[in-house]
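Asks: When you get a sec, could you give me coordinates for this:
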Amino acid sequence: MALDYRGLLNDLEQESAHLIAHLRPLEQRTWETSTPAAGWAVRDQISHLAFFDDFAHLAMTDADRFRITSAELVARGEDFPDRVAADHRHRTPTDLLDWFARSRSRLIAEFSKDDPKRRLPWFGPDMSVASSATARLMETWAHGQDVYDTLGVTHPTSNGLRSIAHLGVSTFGFAFRLNGLEVPDAAVRVELQAPDSNETWTWGPETAADHVVGAAEDFVLVVTQRRHLDDTRLTVRGAVAESWMKIAQAYAGAPAGGRPRRMTTARREL
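Replies: From the prediction side, this is the model:
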């Protein structure tokens, strides 16, 4: 997949704008509503995005300071995202929204003037500036999904689904290693239907015995662990593909375990 860096940043801007537009009219009590992420209210989803936007900006502008500060954060334990959420529960909804909007705007401006191939430190392996932007898009989509689910509204269609899906495919080996499993030698063919078009996005050889086929949104919901595999209409064939989809995780951190099944089995078998 060829990189369209300007398009990637446009997708990040669009996803951010959609989320902010849904947050602005919320009453204060709605910010305290529990989301599908255990122990997290709407407020925690937004403080998480703002906090790690600031960390991404720090990684771009002061790598040495980022390494020191991130090491201190990780030293708080594997549950440090929960601790970060708790640290910011004193903030008002207006403060949280202003923080997120300000941090996101500053970060996108920094992305816009940087070299997309330049390497940056992060939690785990270093990544490129473009990968950092993709990760922020993925995080915004995923945490935004939790907010939209809480509000009972449909997630606005995102052109960024392709970039997030690509990240999901690219983290195939990472997901196995993260769970202490040997990375399979077998390739998996992924064929995803783009939203609002007849275009199909593909990864992997056509001759692969293992397949994952379906809507791009369903695939992204699984790799961001916002839906159980059985709550999607993804078609999965082959033991490797089945194993991968059960542990797929497109973001850094400890194995998250995914979401519990909540609906009648929807997916199809080949």
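Asks: can you give me the helices for the stretch 51-200 of the chain?
Replies: Counting by DSSP state H, counting those that start in this stretch, the stretch 51-200 of the chain has helices at residues 63-74, 80-87, 93-113, 129-151, 161-170, 172-178.
Asks: For residue 2, find the nearest of those helices.
Replies: Proximity to residue 2 (CB to CB) singles out helix 161-170 among the helices of the stretch 51-200 of the chain, at 10.7 Å. In short, each C-beta sits where N, CA and C put it, glycine included.
Asks: picking up where we left off before, I'd like the helices of the stretch 51-200 of the chain laid out as JSON lines, including mean neighbour count and distance to residue 229.
Replies: Shown next, in JSON lines, are the helices of the stretch 51-200 of the chain (neighbours: other CB atoms under 10 Å; distance: least, CB to CB, whole Å):
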{"stretch": "helix 63-74", "mean neighbour count": "13", "distance to residue 229": "29"}
{"stretch": "helix 80-87", "mean neighbour count": "16", "distance to residue 229": "23"}
{"stretch": "helix 93-113", "mean neighbour count": "17", "distance to residue 229": "30"}
{"stretch": "helix 129-151", "mean neighbour count": "22", "distance to residue 229": "16"}
{"stretch": "helix 161-170", "mean neighbour count": "22", "distance to residue 229": "13"}
{"stretch": "helix 172-178", "mean neighbour count": "16", "distance to residue 229": "13"}
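Asks: So which of the ones you listed is nearest residue 52?
Replies: Going by CB to CB, the one of the helices of the stretch 51-200 of the chain nearest residue 52 is helix 129-151, 6.8 Å.
Asks: helices and strands around that closest one, which ones?
Replies: helix 5-23, helix 42-61, helix 93-113, strand 119-122, helix 161-170 (3 or more CB pairs under 8 Å, 6 or more residues apart in numbering; DSSP states H and E).
Asks: now that helix against helix 5-23, angle please.
Replies: On the basis of axes from the mean of the first three to the mean of the last three CA atoms, to 10 degrees, helix 129-151 is oriented at 20 degrees to helix 5-23.
Asks: so who does residue 19 touch?
Replies: If you count contacts by CB atoms under 8 Å, 6 or more residues apart in numbering, residue 19 has them with 140, 144, 147.
Asks: Columns distance to residue 240 and pLDDT on top of those residues, output as JSON lines?
Replies: Formatted as JSON lines, those follow (distance: CB to CB, whole Å; pLDDT from 0 to 100):
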{"residue": "140", "distance to residue 240": "30", "pLDDT": "98"}
{"residue": "144", "distance to residue 240": "30", "pLDDT": "98"}
{"residue": "147", "distance to residue 240": "33", "pLDDT": "98"}
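Asks: between those residues, which is nearest residue 225?
Replies: Comparing the contacts of residue 19 against residue 225 with CB to CB picks out residue 144 as the nearest, at 14.1 Å.
Asks: Thanks a lot, catch you later.
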